[in-house]
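Here is my input, please return the structure:
(one chain, ligands or ions: 2)
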Amino acid sequence: MTTLQSKWEELADIKDELAARDWFMGTSGNLAIKVSNEPLQFLVTASGKDKKKRTPEDFLLVNASGDLVEESNLKPSAETLLHCAIYEKTSSGCSLHVHTVANNVISELYGDKGKIDFQGQELIKAFGLWEEDDILSIPIIPNYAHIPHLAEAFKSHILADKGAVLIRNHGITVWGKDGFEAKKLLEACEFLFQYQLALHQIK
Ligand SMILES: CSCCC(=O)C(=O)COP(=O)(O)O
Ligand SMILES: [Zn+2]
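Ligands and ions are numbered 1, 2, ... in the order given. Below is the predicted model:
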């Protein structure tokens with residue numbers, strides 16, 4: 001199996017798992033996985049497709065600028081520039097973006113603060129935060145319709161090889177060293193958001 005085929009399979013399996021959680025409502029969401037470093041090339045979901053379905057046209061190979069490596073009648077995700085920013089600034093290998101009700105409500109509740117912090121919650125260990133007083137701080141940025149503008153705002157929060165950024169009333173983008181890590185971070189974030197919303201209901 002070539003690297004391209006194995007990365008395709010890895011991303012397709014992640015897509016199926018996220019679909020099983022119903023995290024691709026209304027064609028939302030996009031996923032990417034790095035295939036090569038020199039030249040930088042990565043697979044990204046085709047724009048506007050139903051990501052709950054598995055088809056041979058699900059992913060497109062793009063370069064560091066997000067342009068197609070081979071001609072296609074499909075377009076790369078409208079949000080490819082966010083994935084480009086991650087691979088430009090880090091050595092991470094996979095980036096995932098989903099819209100969920102929980103991440104949208106949290107982004108609205110905490111958007112004016114520009115971040116949401118979690119401390120003393122076991123699942124922040126997914127981010128490598130193991131000390132008693134460690135804080136997981138997830139930035140929340142405004143949602144700009146102009147994607148290059150959104151990508152610029154997003155870029156300033158890409159500070160490490162793994163991370164997460166909430167886009168207000170839009171969704172979350174996470175990245176990690178490979179598909180396993182990126183999915184782990186995404187699941188941890190969604191757990192923490194649901195936990196926080198549950199706390200709001202009883203307080
Ligand atoms: C209908 S969802 C609006 C676009 C979006 O935010 C998204 O995540 C999906 O866009 P894509 O071009 O990647 O399909
Ligand atoms: Zn989106």
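
hey, where'd the strands end up in this protein?
For the chain, the strands defined by DSSP state E cover 30-36, 41-45, 59-63, 94-98, 115-119, 135-141, 163-167, 171-176.

is any part of the first one close to ligand 1?
Yes. Using CB under 6 Å from any ligand atom, strand 30-36 reaches ligand 1 at N30. C-beta here means a position set from N, CA and C on the backbone, and glycine is covered the same way.

Measure how far that strand is from the centre of its chain, please.
In terms of CA atoms, centre = their mean, to the nearest Å, the centre of strand 30-36 is found 11 Å from the chain centre.

how about stretch 70-82: buried residues?
Neighbour counts over stretch 70-82 (16 or more other CB atoms under 10 Å) mark P76, S77, E79, T80, L81, L82 as buried.

Surely the fifth one touches D67?
Okay, so that is L81. No. Using CB atoms under 8 Å as the test, L81 is too far from D67 to be in contact (10.9 Å).

Neighbours of K177, how many?
Residues near K177, counting by other CB atoms under 10 Å, number 15.

Return the residues in contact with the nearest residue in space to L43 that is not next to it in sequence.
Spatial nearest neighbour of L43, excluding adjacent residues (CB to CB, 6 or more residues apart in numbering): F59 at 4.2 Å. For F59, the contact set (CB atoms under 8 Å, 6 or more residues apart in numbering) comprises W8, L11, A12, L43, V44, T45, A46.

Mind jotting down where the helices sit in this structure?
For the chain, applying DSSP state H gives helices covering 3-20, 80-89, 101-110, 147-155, 179-202.

Nearest to ligand 1 among the ones you listed would be which one?
For the helices of the chain, the distance to ligand 1 is smallest for helix 80-89, at 7.7 Å, taking CB to the nearest ligand atom.
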